[in-house]
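Student: show me how the following folds:
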Amino acid sequence: MSIHWHGLKQYRNGWADGPAYVTQCPIQSGNSYTYTFNVTGQRGTLWWHAHILWLRATVYGAIVIMPKQGTPFPFPQPHREAEIVLGEWWNADVEEVVKQGTNMGLPPNSSDAHTINGKPGPLFPCSNKHTYAMEVEQGKTYLLRIINAALNDELFFGIAGHNLTVVEVDAVYTKPFTTQAILIAPGQTTNVLVQANQVPNRYFMAARPFMDAPLQIDNKTVTAILQYRGVPNSVLPILPQLPSPNDTTFALGYNKKLKSLNTPKFPANVPLKVDRHLFYTIGFGKQSCPSCLNGTRFVASLNNITFEMPQVALLQAHYFNIKGVFKTNFPDKPSTPFNYTGAPLTANLGTSKGTRLSKIAFNSTVELVLQDTNLLTVESHPFHLHGYNFFVVGTGIGNFDPAKDPAKYNLVDPVERNTVGIPTGGWTAIRFRADNPGVWFMHCHLELHTGWGLKTAFVVEDGRGKHQSVLPPPKDLPKC
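Tutor: Numbering: from 1, shown residues only. Model prediction:
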């Protein structure tokens with residue numbers, strides 16, 4: 001077991017970050033490890049989850065960091081707050097499901113239900129006690145802290161008859177905007193204000209997947225209930241109109257509306273000068289597997305490199321200078337450019353395997369363009385960077401054009417977050433300042449793809465200053 005505190009920056013303290021074999025070896029059965037860390041300069045909604053194999057299917061929860069005492073929200077003070085954690089549920093042992101898929105060389109069975117605060121709601125064959133309900137008072141405003149803890153599904157979320165005003169994503173305030181539904185990818189958080197301004201009744205909150213690629217998913221709708229005080233439980237709730245499961249237009253339009261608040265109190269310090277330009281392609285491939293069903297196994301890659309997890313934690317190898325664990329020769333761009341989002345490519349799907357990382361100079365500014373490809377199929381990918389927030393300066397459909405696209409970047413008030421969706425058949429450009437030394441994991445937050453090798457890590461070098469190097473490891477750090 002290991003626990004990741006998703007979105008906490010863990011400055012100089014990667015030992016508390018949690019991804020197994022990246023910043024620590026897993027905690028062995030019967031043993032313990034104390035995660036010790038400070039939360040500095042952050043407030044808002046984040047979350048924690050297991051970070052080994054698929055164990056986060058059931059091991060997760062919310063982190064709510066309140067503003068300093070006496071500091072108001074930069075939006076109307078809500079009457080009350082509630083956490084809404086969206087999850088996925090399998091009727092079988094998740095580890096066995098994954099094992100079966102791996103042995104066959106195929107994706108494991110998709111989940112049997114989605115959940116809201118651990119409960120699937122009345123549209124599933126469960127009794128009423130498996131439905132989350134939230135009571136509201138007429139005329140009051142509520143803050144919902146929504147977390148997508150699902151393993152493999154981006155989700156639409158909405159409440160029947162009520163608008164949602166988005167005020168924060170990934171623990172960073174946004175310019176408020178009102179929408180009927182939100183789109184939230186695995187790993188992301190979104191805070192919304194909801195006004196209880198409708199006729200007193202029972203209204204369904206609902207979530208269902210967004211998938212605009214020809215792939216099989218668990219497309220069932222999970223529901224919870226927003227119930228006005230005084231309305232009896234016998235009243236049937238009203239269902240919201242969520243976007244269609246493949247509504248690309250809504251998805252792109254929604255993400256375009258997300259902008260940093262960018263006020264003197266909450267500035268958007270976007271790096272304007274870039275020291276290091278990176279371009280990573282996202283692709284699927286196949287490896288030979290004689291024992292698998294079709295003689296092959298699905299893999300995934302960045303710049304055609306399928307990441308292999310080491311047997312020693314990368315941060316330990318870096319800190320103690322242990323040779324032979326990883327190489328710092330991850331390419332800044334693909335070795336062979338091609339028409340990334342043209343017709344599907346179904347031949348020559350081999351990838352190279354290795355534990356290859358990218359070395360980044362301390363305090364340098366980085367621009368990373370993540371480009372989806374049509375190797376087997378295009379698909380949307382939510383990418384999470386540990387140890388950092390980043391600014392989403394640009395996004396588009398098709399192939400990134402380095403000559404024309406940077407001119408369209410938003411360098412004034414781009415959204416700042418820790419997990420971003422790369423659109424299906426498109427690209428996203430992010431910028432960040434590498435001011436947190438250590439080894440920081442970057443991976444697709446669809447657990448299926450991470451397991452297939454869609455991941456890498458950055459080695460951010462120590463700075464020269466007194467407080468610019470990785471802290472010594474704790475004494476109880478688990479051993480491999």
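
Student: quick one: the helices in the stretch 251-400 of the chain?
Tutor: 314-319 (DSSP state H, counting those that start in this stretch).

Student: which positions in stretch 242-251 come out as buried?
Tutor: 242, 243, 247, 248, 250, 251 (16 or more other Cβ atoms under 10 Å). Where C-beta positions appear, they are placed from N, C-alpha and C, glycine not excepted.

Student: widest-spaced pair of the residues you listed?
Tutor: Using Cβ to Cβ, the buried residues of stretch 242-251 span at most 14.6 Å, a distance reached by 242 and 248.

Student: how many residues are close by residue 234?
Tutor: Applying other Cβ atoms under 10 Å, we find 6 residues neighbouring residue 234.

Student: with secondary structure added, can I get the buried residues of stretch 242-251 in TSV?
Tutor: Shown next, in TSV, are the buried residues of stretch 242-251 (DSSP: H, G, I helix; E, B strand; the rest coil):
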residue	secondary structure
242	coil
243	coil
247	coil
248	helix
250	helix
251	helix
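
Student: any low-confidence regions in the stretch 351-480 of the chain?
Tutor: For the stretch 351-480 of the chain, no stretch has pLDDT under 70.

Student: ok, residue 443 - contacts?
Tutor: Applying Cβ atoms under 8 Å, 6 or more residues apart in numbering to residue 443 gives the contacts 383, 384, 450, 454, 455, 456.

Student: quick one: contacts for the residue nearest to residue 116 when sequence neighbours are not counted?
Tutor: Nearest non-adjacent residue to residue 116, counting by Cβ to Cβ, 6 or more residues apart in numbering: residue 224, 4.1 Å away. Shown in contact with residue 224 (Cβ under 8 Å, 6+ apart): 84, 116, 117, 119, 121, 131, 132, 133, 134, 204, 205, 206.

Student: gap between the third one and residue 373?
Tutor: Using Cβ to Cβ, to the nearest Å, residue 117 is found at 37 Å from residue 373.

Student: and what of the fifth one?
Tutor: As judged by Cβ to Cβ, residue 121 and residue 373 stand 37 Å apart.

Student: contacts only, for the residue nearest the centre of the chain.
Tutor: Centroid-nearest residue in the chain, with Cα atoms, centre = their mean: residue 187, separated by 2.9 Å. By Cβ under 8 Å, 6+ apart, the contact set of residue 187 is 6, 148, 382, 384, 418, 419, 445.

Student: if you set the cut-off to 7 Å instead, what comes out?
Tutor: Counting by Cβ atoms under 7 Å, 6 or more residues apart in numbering, residue 187 touches 6, 148, 382, 384, 419, 445.

Student: highest neighbour count among the residues you listed?
Tutor: Neighbour max across the contacts of residue 187 (other Cβ under 10 Å) = residue 148, 29 neighbours.

Student: the nearest residue to it once chain neighbours are set aside bridge partners, please.
Tutor: Closest residue to residue 148 apart from its sequence neighbours, by Cβ to Cβ, 6+ apart: residue 184 at 4.4 Å. Residue 184 forms beta bridges with residue 155, as assigned by DSSP bridges.

Student: ok, residue 184 - contacts?
Tutor: Here residue 184 is in contact with 146, 148, 155, 157, 190 (Cβ under 7 Å, 6+ apart).

Student: repeat that for residue 172.
Tutor: Counting by Cβ under 7 Å, 6+ apart, residue 172 touches 44, 260, 389, 416, 417.

Student: residue 16 versus the nearest residue to the second one once chain neighbours are set aside, what's the distance?
Tutor: Think residue 260. Spatial nearest neighbour of residue 260, excluding adjacent residues (Cβ to Cβ, 6+ apart): residue 268 at 3.9 Å. Note on residue 268: its distance to residue 16, by Cβ to Cβ, is 27 Å.

Student: distance check, the residue lying closest to residue 32 once chain neighbours are set aside against residue 16.
Tutor: Spatial nearest neighbour of residue 32, excluding adjacent residues (Cβ to Cβ, 6+ apart): residue 476 at 7.5 Å. If you measure residue 476 against residue 16 using Cβ to Cβ, the figure is 12 Å.
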